[in-house]
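**Q** sequence unavailable; structure follows:
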């Protein structure tokens, strides 16, 4: 039996485990699909057919020896090209790092390999995980952006090449491309997945995440990669124990969902506003909860923290090779370098202030429902779209997930974002799974 | 039986527990001693006889009811006046906060009360825990500074008023006054004691500590106050479990001690250099370990972090009431406000770089021996002396302890500082206790 294109990660792992197909057959199907789609989608920064097949063959041999299998045994995963991989280049989306080959896997890659995953290749990132686009196009319409900065990861899943991909978010780099490409994108809370071996952009904001085809798939993967790593202090005390079991269980009572417009609401397109009214009706019993005025400045304070920290982490690229760096990135670095320490620390303070404000909502609701983006993926490839609906959640470090629940008037996916309490990733996933099933039942069509 | 002046905390607690004297009698002796010494020493910002006796009587009644006693039951403690105490003023060493009465105890005060301690009163701090001196004088010679910023806490223990006092260190505010006043001063590693309810000066540097008459006394107290508190993220994961047992046990093998001169060595007075040569001979087998050049800039990078964060935390005092703030403090705030976020973050990076450098020493040695200060307490009250021998250890967040092992040529105490690996406070205390005993045996006289 040949594995089908577009298989879920759970079905792929089960197929390999049960012997319905081998990891090599599975990887071969993915590689064929990549050959088919890559000329148009351009999701890959590095994809080496032989290297991928070699991993798969080793995993098949491992299984044939009767060794115990990890939960992702044989499942191909795409890794955003700011995440270090031993034996494959990691070029951070800039020609300045052309040919850079890390000696060690990032912690998340190490954990994926231990779970049995095949590291299929490196997916395209925007330049240094900021706004300047890479080559990737939206699989639903190649004239539209796939979003960024995790452009290739979202597109590779959406195009049916891989069931899973890893990305990162410093502003809206997971949720936005997931929404534009119509896949599930899960960004656990700040610190949940250690950033060891990942290009630091803004360490107070950088968060890793998982793209997949279903909530169950990203939950399965999250359980293998969440947890403390000594080399990332932000991950101290993190553990994924029991996450998958909780995430895939039925909620004990109907989840309480709050609809929050956020300070970005005036950027939501009219069609998005209308779609969310319909969605609320379809779900039923969704209170609108206004945010206090104190949240109004979040886009500004996030910008200060991001600009300062990215200038600090990555400003060296501008100094070393200005001719290879975009004007957008140069502008960010110049902006960050001009900020005083005082203003930076004042902006940092807002992370805990606003988080406390959100706690008051999570005392009453299981999750917040809000748009993932102002609308469908914009036409054109010169921009990756507006991350404004992700900024608040990234800034506060809450877990967030994009669910591809709707289709916009332009025929492209329109994402709904669910946000949970920091530290309660499992509950967010459980609520997300409930919502996806619930809407599946309530709404006609195949948008879920 | 009347308790003696100058009792150790352990003896005081044992005396109360065994019924040799009551907590009220013990507190009365401390208050009498305060009456006797205060006109000259000026250690107290707030001392209310009735309030102290009332706590003692309540503890005696608690004992009479047969209720279980905490490890510090009835033991009087002085609290530095930047640490919040419910029912007593906390004025932060500035007239701007005259009459300030916090509603809640700081976490450390709450824990001391739970252990049965009597909060005797509030000890003098320099202005906002920075350099501008308070009224306190050195109990060994009132024409000399007691050191700062925890001036009153060190002096109250040295004068025999209390067996224990709490202080804090952002640069050299625990170890320096302990050395100048000739008492034991223990600053556990960064984060070990939560700062909840304590005036924030520089949150990346602020560390609480304990003054006492012996290593065993500060270990006993450390075990009651170390441990995570939800409201201070820096304390996450901290626990004091087993600290006292380890600290008071005999080392399994003779501890290995490294003598480190630090980049401050050229400020050490000739008599201090000679005294440390003698001390090394008395201890025997103390290797001198040079620090790599990378440590040379530590005073500068510490200064950047301290100035920025104190300007951020406390600059409002300058804006609100410049007429009540010293020029030294105004200068610090102006300096901190002029630093860029980039330079601040670059300075912060050195904390982990230098800590890694120290780890290489702690892989081979149980503790580092180094001076606590350039010499004896300087004459005059207009300065609190030079913290330069404390800066590196504060910056790296290592535990450190002052042992009053020597007397200088001027007849004032001369302190030896022992420094341990971050996270291994118990081993540092065990080594310190071994050293104090060892020197007691090796050297004539009563300097230990």
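**A** Structure received. The structure presented is a predicted model; accordingly, all values stated were derived computationally and were not measured.
**Q** name the helix or strand for the nearest residue to residue A:373 once chain neighbours are set aside, please.
**A** Distances taken as Cβ to Cβ, 6 or more residues apart in numbering or on different chains place residue A:179 nearest to residue A:373, at 4.8 Å, with adjacent residues excluded. Yep, even glycine has a C-beta here, placed from its N, CA and C like the rest. Assigned by DSSP states H and E, residue A:179 belongs to helix A:175-181.
**Q** output the contacting helices and strands for that helix.
**A** Where contact means 3 or more Cβ pairs under 8 Å, 6 or more residues apart in numbering or on different chains; DSSP states H and E, helix A:175-181 is packed against helix A:151-158, strand A:184-187, helix A:388-396, strand A:400-407, strand A:413-419.
**Q** pipe the ones you listed into a markdown table and attach mean pLDDT and distance to residue A:81 per row.
**A** Shown next, in a markdown table, are these (pLDDT from 0 to 100; distance: least, Cβ to Cβ, whole Å):
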| stretch | mean pLDDT | distance to residue A:81 |
| --- | --- | --- |
| helix A:151-158 | 98 | 7 |
| strand A:184-187 | 98 | 17 |
| helix A:388-396 | 98 | 20 |
| strand A:400-407 | 97 | 21 |
| strand A:413-419 | 97 | 23 |
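**Q** show me which of these has the highest average neighbour count.
**A** Highest mean neighbour count of the helices and strands packed on helix A:175-181: helix A:151-158, a mean of 34 (counted as mean count of other Cβ atoms under 10 Å in any protein chain shown).
**Q** and that helix, how far out from the chain's middle?
**A** 10 Å (Cα atoms, centre = their mean, to the nearest Å).
**Q** can you check stretch A:204-220 too?
**A** The chain centre lies 5 Å from the centre of stretch A:204-220; the measure is Cα atoms, centre = their mean.
**Q** so which bits of it are buried?
**A** A:204-220 (16 or more other Cβ atoms under 10 Å in any protein chain shown).
**Q** just the ones in helices from those, please.
**A** A:215, A:216, A:217, A:218, A:219, A:220 (DSSP state H).
**Q** the last one: what's it in contact with?
**A** The reference is to residue A:220. A:9, A:10, A:13, A:71, A:72, A:244 (Cβ atoms under 8 Å, 6 or more residues apart in numbering or on different chains).
**Q** give me the pLDDT for the first one.
**A** Meaning residue A:9. On pLDDT, residue A:9 comes in at 98.
**Q** tell me, how many residues neighbour it?
**A** 26 (other Cβ atoms under 10 Å in any protein chain shown).
**Q** contact partners for it?
**A** Listed by Cβ under 8 Å, 6+ apart, the contact set of residue A:9 reads A:72, A:75, A:163, A:164, A:212, A:213, A:217, A:220, A:221.
**Q** TSV for these, including pLDDT?
**A** Formatted as TSV, the contacts of residue A:9 follow (pLDDT from 0 to 100):
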residue	pLDDT
A:72	98
A:75	98
A:163	98
A:164	98
A:212	98
A:213	97
A:217	98
A:220	98
A:221	98
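**Q** out of the helices and strands packed on helix A:175-181, which comes closest to residue A:431?
**A** Among these, strand A:413-419 comes nearest to residue A:431, with 6.3 Å by Cβ to Cβ.
**Q** and the following helix or strand past the closest one, which residues are buried?
**A** Proceeding N to C from strand A:413-419, the next assigned helix or strand is helix A:425-442, under DSSP H and E. Buried residues in helix A:425-442, counting neighbours by 16+ other Cβ under 10 Å, are found at A:425-436, A:438-439.
**Q** for those, which one is nearest chain B?
**A** Using Cβ to the nearest Cβ, residue A:425 comes nearest to chain B of these, at 18.1 Å.
**Q** any low-confidence regions in the stretch 251-400 of chain A?
**A** Along the stretch 251-400 of chain A, the model assigns pLDDT under 70 to no residue.
**Q** circling back to that earlier point, of the contacts of residue A:220, just the buried ones, PyMOL syntax please.
**A** Applying 16+ other Cβ under 10 Å to these leaves a buried subset, and the PyMOL line that selects it is:
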select buried, chain A and resi 9+10+13+71+72+244
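**Q** if I look at the residue nearest in space to the middle of chain A, how far off is chain B?
**A** In chain A, the C-alpha nearest the mean C-alpha coordinate belongs to residue A:174, at 3.2 Å (Cα atoms, centre = their mean). Residue A:174 is 25 Å from chain B, where distance means Cβ to the nearest Cβ, to the nearest Å.
**Q** that older thread, which of the ones in helices among the buried residues of stretch A:204-220 sits closest to chain B?
**A** Minimum distance to chain B across those is 25.9 Å, recorded for residue A:219 (Cβ to the nearest Cβ).
**Q** what's the closest non-adjacent residue to the closest one?
**A** Nearest one to residue A:219, counting by Cβ to Cβ, 6+ apart, is residue A:247 at 3.7 Å.
**Q** near chain B, which residues of chain A?
**A** Within chain A, the positions lying close to chain B (Cβ under 8 Å from any Cβ of the partner chain) are A:236-237, A:308-309, A:311-312, A:315, A:336-346.
**Q** can you flag the buried ones in those residues?
**A** A:308-309, A:311-312, A:315, A:336-337, A:339-345.
**Q** closest one of those to residue B:350?
**A** residue A:312 (13.3 Å).
**Q** that closest one contacts residue B:345, correct?
**A** Yes: the pair residue A:312 and residue B:345 passes the contact test of Cβ atoms under 8 Å, sitting 4.7 Å apart.
**Q** all strands of the stretch 201-350 of chain A, in order?
**A** Using DSSP state E, counting those that start in this stretch, the strands of the stretch 201-350 of chain A run over A:207-212, A:257-259, A:286-288.
**Q** sheet-wise, list the partners of the last one with their directions.
**A** Which is strand A:286-288. strand A:257-259 (parallel) (DSSP bridges).
**Q** any idea how far the partner strand is from the chain center?
**A** For strand A:257-259, the distance to the chain centre is 22 Å (Cα atoms, centre = their mean).
**Q** contacts for that strand?
**A** Here strand A:257-259 has contacts from A:276, A:280, A:283, A:285-289, A:361, A:364-370, A:418, A:431, A:435, using Cβ under 8 Å, 6+ apart.
**Q** buried among those? Make that a ChimeraX selection.
**A** Buried members of the contacts of strand A:257-259, defined by 16+ other Cβ under 10 Å, are picked up in ChimeraX with:
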select /A:276,280,283,286,289,361,365,366,367,368,369,370,418,431,435
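**Q** in helices, which of the residues of chain A next to chain B fall?
**A** Per DSSP H, the subset of these in helices is A:308-309, A:311-312, A:315, A:336-337, A:341-346.
**Q** could you chop chain A up by domain?
**A** Using automatic domain parsing, the domains assigned to chain A come out as A:9-247, A:257-442.
**Q** can you give me the first-to-last residue distance of the longest one?
**A** Terminal residues of domain A:9-247 are spaced 16 Å apart (Cα to Cα, to the nearest Å).
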